[in-house]
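# Sequence first, then the predicted structure:
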Amino acid sequence: MIIKDFQPFIGEHCETTTTGSLLKHIGIHLSEPMLFGIGQGLGYIYWNMKMMDFPFIGGRIKPDLLTQNICQNLNLTLEVKETLSTRKAWSTVKDSLDKGIPVGLKLDCYHLEYFASKIHFAGHYASIYGYDELYAYLNDTNQQGRNAVTSLKSLALARNEKGPMSSKNLSYTISKTVDIASLKKVIPKAIHNNASDFLNPPIKNIGYKGIAKTSLEVKKWFQSSTSIKKDFQLCASLMEGGGTGGSLFRNLYKNFLKESANVLDSSELLEASESYSKIASMWKRVSDLLHLIGDTENIIYIEEVSNILLELSAKEEQTMKSLQKITAKLL
């Protein structure tokens, strides 16, 4: 069973791509940067636990919340379902597909057969638009394949995986019951909320404080790593290719601000967009240096990474404060 009128969403990030495909199916056509921005998606987290081989850094808000924000801000109905039963989980998805409704899935990409890199990451998303007796047909990111295919067995394993960022076979659908909210009203509110969250983190591992903390913690990574090449290059790969940190989310937000500047005719938002363009290039330099550390196993580059992160913390704090003031006048 394939939803015949399903059109793949072209995106770089998994959750915006997944949610974008569901919105596209109900006639809502928004760019990926706009979805990321109105989803209040920009963030930062430094995460290190004893069970982890190497620290994790993330450049966005926590999984699931992005889609919740998008739907809430646009006045859309989001229906999320979770269950411990793999049988019930598939039945729920199959019922929607049989009605011609595509479904968003949360997955551990380790089990998906079309993923070249086999690492556990249970915060991945893809939309499913069809199935047959053996396979599931998915819309994933540009990197992973807009028309991806994996076996139903592997899909069940990916949905049911346990561990950090995992959910209980989570699936979701989106429907439109009223007209969506005006972007002219949604954009200032979303920017203001995102800035407020980034500037007021509940713990020092999050937001601009988290970036500053990482600038100190990164100096310890070289000594604590059991495999410098593997750990540093995997971190760099996840930042850029996987989008956990790096420049991807900053570039998305840059483009969101640029698009918003046109919608609101705001030179101030355009200026903030240019600021995030510079910030994004600095994050790319960080990931490049982490990859170089893995290549050379030379500690000399750690100090440069630390200094850039400290500067990024200050620049992102300053830009978010500016955005907070700009949007306060538009609310």
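Thanks, I have the structure now.
# going forward, measure contacts between C-alpha atoms and count neighbours the same way
OK.
# hang on, Val80 in a strand?
Yes: for Val80, which was evaluated using DSSP: H, G, I helix; E, B strand; the rest coil, the result is membership in a strand.
# Looks like it contacts Ser175 (just checking).
No: with contact defined as CA atoms under 8 Å, Val80 does not count as touching Ser175 (11.6 Å).
# Show the contacting residues for the residue nearest to Lys185 when sequence neighbours are not counted.
The spatially closest residue to Lys185, leaving aside those adjacent along the chain, is Leu331, at 7.6 Å (CA to CA, 6 or more residues apart in numbering). Leu331 makes contact with 185, 188-189 under the criterion CA atoms under 8 Å, 6 or more residues apart in numbering.
# where does Leu331 land on pLDDT?
Model confidence at Leu331, given as pLDDT, is 87.
# again with Met52
68.
# next one: the one 3 residues further on
The predicted structure scores Pro55 at 82 on the pLDDT scale.
# domain assignment for the protein?
For the chain, automatic domain parsing gives the domain ranges 14-30+77-175, 183-328.
# Straight-line length of the shortest one, end to end?
Spelled out, it's domain 14-30+77-175. Across its full length, domain 14-30+77-175 reaches 20 Å end to end, with CA to CA, to the nearest Å as the criterion.
# same deal with the last one?
One end of domain 183-328 sits 16 Å from the other (CA to CA).
# quick one: average pLDDT of that domain?
Confidence over domain 183-328 (mean pLDDT, whole number) is 92.
# hey, where'd the strands end up in the stretch 51-200 of the chain?
With DSSP state E, counting those that start in this stretch applied, the stretch 51-200 of the chain shows strands at 56-60, 77-81, 103-107, 124-131, 135-139, 148-151, 171-175, listed in chain order.
# Tell me which of these sits nearest to Ser266.
Comparing the strands of the stretch 51-200 of the chain against Ser266 with CA to CA, the closest turns out to be strand 56-60 (24.8 Å).
# Need the domains of the chain in TSV (columns: distance to Gln68 and mean neighbour count).
Putting the domains of the chain into TSV (distance: least, CA to CA, whole Å; neighbours: other CA atoms under 10 Å) gives the following:
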stretch	distance to Gln68	mean neighbour count
domain 14-30+77-175	7	19
domain 183-328	12	19
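# Tell me which of those domains sits nearest to Gly43.
domain 183-328 (5.8 Å).
# ok, back up a step: format the strands of the stretch 51-200 of the chain as JSON lines; extra columns: distance to Leu270.
Shown next, in JSON lines, are the strands of the stretch 51-200 of the chain (distance: least, CA to CA, whole Å):
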{"stretch": "strand 56-60", "distance to Leu270": "21"}
{"stretch": "strand 77-81", "distance to Leu270": "32"}
{"stretch": "strand 103-107", "distance to Leu270": "33"}
{"stretch": "strand 124-131", "distance to Leu270": "31"}
{"stretch": "strand 135-139", "distance to Leu270": "32"}
{"stretch": "strand 148-151", "distance to Leu270": "36"}
{"stretch": "strand 171-175", "distance to Leu270": "31"}
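# Mean pLDDT lowest where, among those?
Summarising mean pLDDT across those, the least confident stretch is strand 56-60, with a mean of 87.
# partner strands of it, parallel or antiparallel?
strand 42-47 (antiparallel) (DSSP bridges).
# counting contacts, what elements does the helix or strand where Ser287 lies pack onto?
With the criterion set as DSSP states H and E, the secondary-structure element containing Ser287 is helix 267-296. Contact here means 3 or more CA pairs under 8 Å, 6 or more residues apart in numbering; DSSP states H and E; on that basis helix 267-296 packs against helix 228-237, helix 248-264, helix 300-328.
# With distance to Leu65 added, can I get those helices in CSV?
Formatted as CSV, the helices and strands packed on helix 267-296 follow (distance: least, CA to CA, whole Å):
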stretch, distance to Leu65
helix 228-237, 23
helix 248-264, 15
helix 300-328, 20
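# nearest to Asn200, of those helices?
Distances from Asn200 to each of the helices and strands packed on helix 267-296 were compared by CA to CA, and the smallest falls on helix 300-328, at 10.2 Å.
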